[in-house]
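>>> got a predicted structure plus its sequence, pasted below:
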Amino acid sequence: MLCSAQQVSAIWQPLTGHITMQNGLPSNVVYEVYEDSKGFIWFCTDQGISRYDGSTFRNYSIKDGLPDIEVFRIREDSQHRYWLVCYNRKACYLKNGKIYNSENDSLCRRIEQEDIQYDELFTDRDGNECLAGKKIAVLGTHPSYIRVLNHILSWGRIRHFKKDGEDYIATGPGVWNVQTGQFMQFSRGYTQASFYNGVTLFSSGFSRPDKGQVLEEWQLGPNSLSLKKDYPSPGIIYQITAAANGLQISTSAGMMLFDTLTRKIIPDTTFPAGIPVNCMIADREGNRWLTTLNDGVYFIPVNGGRLIDRTAGLKKNNILSIALHNDGHIIAGDDAGHVYRIKEGSIQTYALLTAQNNNRVIFIRDNGQGTMAAGSDVGLYIINHTGIPKLAMESSMKAGVLSGRYFYTGGVSGLMIYDTLTQKHTDYQVGRVTAMAIDNNQTLWTGGINGLSYFTNGKPVKYTQDTVLTDCFITAILPAPGGGIIAGSSTRGLFIIQDPRQQPLHLDIGSGLASNNCRKLFVSDNGYVWVCSNAGIDRIRQTGNGRWVVSSFPMPQGVAGNQVNDLVEKDGRLYLATAQGILILNSRDTFPSQPPRLYIESVNGIALTGQPLRFQYTERSLQVAYTGLSYSGGTPLQYRYLLTGGTNDTLYTYSQAIDLTALSPGAYSLLLWCRSPGSKWTAEPVQLSFTIMPPFWHHPLLITLAALAAGTLILILFRLRIRKIQKRATQENQHRQQLAQLEMNALRAQINPHFIFNALNAIQYYYSQNDEITANQYLTSFAHFIRLTLTHSQAHWLPLNEEIAMLRTYIALEQLRFRELFTLDITVAPDLDQEKVAIPAMLMQPYVENGINHGLRHLKNRKGRLQLSFTLEHGNLCCIIDDNGIGREQAAAYKKVHHTSLGMKITDQRIHTINRMYDITIQVYITDKPDTGSGPEGTRVSLVIPLKLIDK
């Protein structure tokens, strides 16, 4: 094992990010860097151009429409056209993500036809935008879009400047006055870089080989150009720009300053030393971008601070631990067994080397009495005034704290106490120790993989006031401001404990921490608690009411992955142990990074042009692409969006595209916010308004026409249906009437044979009794009745007088048949018009027949009487058949066995048919008259027929 010490001088470099092809750059050969009006950074390379937003690249090449793969410069005009200067001098520009060239754009064709071969875009004294090359073309907004000036310029690199209200163009061989056309030639060499500071023209180019590269200072008069002086340059000068005290020069030997007071070119120490730079710009945030011709792009963030790394004297860049020395210096340890004591301008290195060179320095402490202790994978090293590290204990160390002459350390073997005076140590088997601290009450606290413990009377006591803490991996412990301790964990955030008997205050992501994985803690003199995690740095302070406020500390873009291993703060400087070295930031620089600039760029891959967005119903699934610009606020960027008119829910994402699927027809507005890890949300959202058109069948006019058509169709169908129903009803009524007619005819056909059968029986009877006179008389009356029946055979209704006449004829036949067994009395009410009132033909005859045959014919003790009466009651014709026969009960006894009376059955069927056929109701009431003591008094039949009049 080898222990040694050495001291070297150190120059602290600015923190620098490095962007190469591995990050997405199309080539490491970069000719120029340019910032557009939106804040995007553009790189011109020998493999096309690239747009950078702080995290992603959008590259354009020949396959995208570039006329040449090698692009030297890019310039944006007021119409947001990006004019590209290509190697072959073909005209082209980029707009809304599309490249226009002579094959698809008339303006580019006109520029090539005029042989402009532009190298620069500038705005003249009249506000016109001009492309300058072999000729000057003034761009316009109307056809033919350009106006070509008569000046013929020498080919080469062009710079525009104004002097005394006139436009000048510096080219390779000299300077042109645009207004007068006068040319003033450089007296020597060929210029490739120039700059006019308002007083003097500076240039540099290819001069005599024996003089080397120089910066030339020229006096520009109204009609002359004279060399005042030249200044040697350490390298080729590619670019000259203004600086605070002179000129800033990009050279092959690095960034230089020309001091106007000393008139010397000196290195610019605000830039990394030794980087050959051909172009440098400072963007609007203050970040600086440096391009190289073989090593990509270097980026210096505005809040980047300084970096101590191997170029400054460190042996290794990966610093794991850092602490404050008693004299205010910084002490640190790396991953290869080196301990550093860092002062302004020098670095003292102590080597704790092993054969395998794998001795990580986990912590380092200073006791303020000239002794440092370093805990490593190998063990505990003591470094005293001799400067030679000594291995005091051999065991893997994880945590340690100094208190007077004693050093408390912990590791996989438990707790160990080392006496720096006696150089002896005592071991305590308390389990694995990963963190420790001594609070203001001199209580020793230890942390391990299962929470916290504190020592009372020399014995460890498990802290059990919080069940969450008992299962935590403790990564760091420090005395808390105001008393107690503050402990960091690997998964649960921070715990602040004022008293072992009280529950802790818990801070995590929900409280504002960047991450719950807290690696190291530091309490500064002003009471701030600094927390480093895998997501950056948080700063915590306690307010007057006892609340703890968490704020994120903005990290510079150059820190890889925001990974900080350890940190300390002193006198406004924050020292961070990172994999890139020791980063020094301004800890009082409390302003957060500005929120990223946010732009919505395309919908469904189509760039936005400012036109209203309307999508057909078939296009109701959209993908909205957007970009947030953040160069110094860190990554990744978080986005928040709200779709009004849709779900109205606020959603969060880290993606640069949102998929909106199955949108319903209607108007929508997408509100989008953005923030970086070191900034707040954008104050005002970016808004995208669009409309999903309804399907053609939802168009109001189409709906109206469809409704009219549907209404018309329904009306037509309704009318057709009504007609069909009416036709069917008519047909059914006709069929019903035809059926009823057939039934009536059939019934009447049955009535006539029934009567004829009885009449023939009577005639047969008279002839059998040799009563020829009566038989002939009966036959004559029967013939008369048959003629009446035939006369009215086709009529359903008869006038009442004709019905009464037929009844008289029929009853006369029956009286003759039964030898005047009964008398007949017919009464008609005076208010009845017998010729107009109608009655169903032969309807009463069966009832009369039934009364005679079953009632009157069986009388023995009295003369029979048959009374017929016709009256008008309540709009009905009332017909009464009244006899004084034997009644229905005795008549039933006279019926022969198996005799079936067809007359009444046929009559009932006929009445039912008439009711159905004429939609009326004929009512029949048969009443047995009361017995007066001498036997039944007969039967009364009442027929109530709705009044019907005969149409004359």
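Ah, there it is. This structure is a prediction, so every number in the text was calculated from the model and none was measured. Numbers count the residues shown, from 1 in each chain.
>>> am I right that residue 18 is in a strand?
Yes: counting by DSSP: H, G, I helix; E, B strand; the rest coil, residue 18 is part of a strand.
>>> now it: closest residue in space that isn't a chain neighbour?
Nearest-residue entry for residue 18: residue 298, 5.8 Å, with adjacent residues in sequence omitted and distances by Cβ to Cβ, 6 or more residues apart in numbering. Where C-beta positions appear, they are placed from N, C-alpha and C, glycine not excepted.
>>> read off the pLDDT value for that neighbour.
Residue 298 carries a pLDDT score of 96 in this model.
>>> can you tell me the element it falls in?
For residue 298, the host element (DSSP states H and E) is strand 297-300.
>>> residue nearest the centroid of the protein?
The centre of the chain sits closest to residue 660, judged by Cα atoms, centre = their mean, with a distance of 4.8 Å.
>>> thinking that residue is in contact with residue 646, fair?
Yes: contact criterion Cβ atoms under 8 Å: residue 660 and residue 646 qualify, at 7.3 Å.
>>> rewinding a little: other SSEs contacting the strand holding residue 298?
If contacts are counted by 3 or more Cβ pairs under 8 Å, 6 or more residues apart in numbering; DSSP states H and E, strand 297-300 sits against strand 17-19, strand 288-291.
>>> so what strands line up beside the shortest one?
Read it as strand 17-19. Neighbouring strands of strand 17-19 in its sheet, by DSSP bridges, are strand 297-300 (antiparallel).
>>> I figured residue 268 hits residue 259, correct?
No: checked against Cβ under 8 Å, the pair residue 268 and residue 259 is beyond contact range at 10.4 Å.
>>> these two: who's more crowded?
residue 268 (19 against 14; other Cβ atoms under 10 Å).
>>> check contacts around that one.
Contact analysis of residue 268 by Cβ atoms under 8 Å, 6 or more residues apart in numbering lists 248, 254-257.
>>> got JSON lines for those residues, with pLDDT too?
Formatted as JSON lines, these follow (pLDDT from 0 to 100):
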{"residue": "248", "pLDDT": "96"}
{"residue": "254", "pLDDT": "95"}
{"residue": "255", "pLDDT": "95"}
{"residue": "256", "pLDDT": "95"}
{"residue": "257", "pLDDT": "96"}
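>>> return the closest of these with respect to residue 468.
Closest approach to residue 468 among the contacts of residue 268 (Cβ to Cβ): residue 255, at 52.6 Å.
>>> with adjacent residues omitted, what lies nearest to the closest one?
Nearest non-adjacent residue to residue 255 (Cβ to Cβ, 6+ apart): residue 271, at 3.8 Å.
>>> quick one: residues contacting that neighbour.
Listed by Cβ under 8 Å, 6+ apart, the contact set of residue 271 reads 14, 254-255, 277, 280, 288, 290, 300.
>>> out of those, which are buried?
For the contacts of residue 271, a neighbour count by 16 or more other Cβ atoms under 10 Å gives the buried set as 14, 254-255, 277, 280, 288, 290, 300.
>>> buried residues, stretch 580-598. List them.
For stretch 580-598, by 16+ other Cβ under 10 Å, it's 580-585, 587, 592-598.
>>> okay, helices next: where are they in this protein?
106-113, 700-768, 772-791, 800-817, 845-851, 887-894, 902-918 (DSSP state H).
>>> wait, which of the ones you listed is closest to residue 618?
From these, taking Cβ to Cβ, the stretch that ends up closest is helix 700-768, at 16.3 Å.
>>> quick one: mean pLDDT for that closest one?
Here helix 700-768 scores 73 as its mean pLDDT.
>>> and what of stretch 672-683?
Rounded mean pLDDT across stretch 672-683 is 87.
>>> pretty sure residue 666 contacts residue 644?
No: using Cβ under 8 Å, residue 666 is not in contact with residue 644; the gap is 10.5 Å.
>>> any idea how far the closest residue to residue 246 other than its chain neighbours lies from residue 193?
In space, and not counting its chain neighbours, residue 246 is closest to residue 260: 4.2 Å by Cβ to Cβ, 6+ apart. Plainly put, residue 260 is 18 Å away from residue 193 if you go by Cβ to Cβ, to the nearest Å.
>>> quick one, which of the two is more surrounded?
residue 193 (22 against 14).
>>> OK, contacts around the more buried one?
The contact partners of residue 193, by Cβ under 8 Å, 6+ apart, come to 157, 203-205, 237-240.
>>> again with residue 555
Contacts of residue 555 by Cβ under 8 Å, 6+ apart are 536-537, 562, 564, 634, 677-678.
>>> okay if I get those residues as CSV plus neighbour count and distance to residue 319?
Listed next are the contacts of residue 555 as CSV, based on neighbours: other Cβ atoms under 10 Å; distance: Cβ to Cβ, whole Å:
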residue, neighbour count, distance to residue 319
536, 22, 17
537, 24, 15
562, 22, 15
564, 27, 10
634, 25, 20
677, 21, 22
678, 26, 22
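>>> thinking again about what came up before, residue 42: which of the buried residues of stretch 580-598 is nearest?
Closest to residue 42, out of all of those and judged by Cβ to Cβ, is residue 597, at 15.1 Å.
>>> isn't that closest one right up against residue 37?
No: if you go by Cβ under 8 Å, residue 597 and residue 37 don't touch, sitting 10.8 Å apart.
>>> before we move on, the earlier item: which of the helices and strands packed on strand 297-300 is buried the deepest?
The highest mean neighbour count among the helices and strands packed on strand 297-300, using mean count of other Cβ atoms under 10 Å, belongs to strand 288-291: a mean of 25.
>>> that strand pairs with which strands?
Applying DSSP bridges to the sheet, strand 288-291 is found paired with strand 279-282 (antiparallel), strand 297-300 (antiparallel).
>>> residue 387: how many residues sit nearby?
Residue 387: 15 neighbours (other Cβ under 10 Å).
>>> cool, residue 45 as well?
Using other Cβ under 10 Å: residue 45 sits among 25 other residues.
>>> do you know the pLDDT at it?
At residue 45, pLDDT is 98.
>>> any buried residues in stretch 769-776, and which?
By neighbour count on 16+ other Cβ under 10 Å, the buried set for stretch 769-776 is 774-775.
>>> distance from the chain centre to that stretch, please.
The chain centre lies 117 Å from the centre of stretch 769-776; the measure is Cα atoms, centre = their mean, to the nearest Å.
>>> identify all contacting residues around it.
763, 766-767, 816.
>>> save these as TSV, and put in neighbour count too.
Output for these, formatted as TSV (neighbours: other Cβ atoms under 10 Å):
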residue	neighbour count
763	16
766	19
767	15
816	17
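>>> of all the residues you listed, which two lie farthest apart?
The most distant members of the contacts of stretch 769-776, if one measures by Cβ to Cβ, are 767 and 816, lying 13.9 Å apart.
>>> hang on, the earlier thing: tell me the most buried of the helices of the chain?
Mean neighbours per residue, mean count of other Cβ under 10 Å, is largest over the helices of the chain for helix 845-851, with a mean of 22.
>>> tell me the pLDDT at residue 929?
On the pLDDT scale, residue 929 gets 84.
>>> can you report how many residues neighbour it?
Neighbour tally, residue 929, other Cβ under 10 Å: 15.
>>> try residue 919
By the other Cβ under 10 Å criterion, the neighbourhood of residue 919 contains 10 residues.
>>> distance-wise, check it relative to residue 946.
Distance from residue 919 to residue 946, by Cβ to Cβ: 10 Å.
>>> so who does residue 110 touch?
Counting by Cβ under 8 Å, 6+ apart, residue 110 has contacts 144-146.
>>> same question, residue 870
Residue 870 touches 800, 804, 827-829, 832, 877-880, counting by Cβ under 8 Å, 6+ apart.
>>> hmm, 6 Å instead?
828, 832, 879 (Cβ atoms under 6 Å, 6 or more residues apart in numbering).
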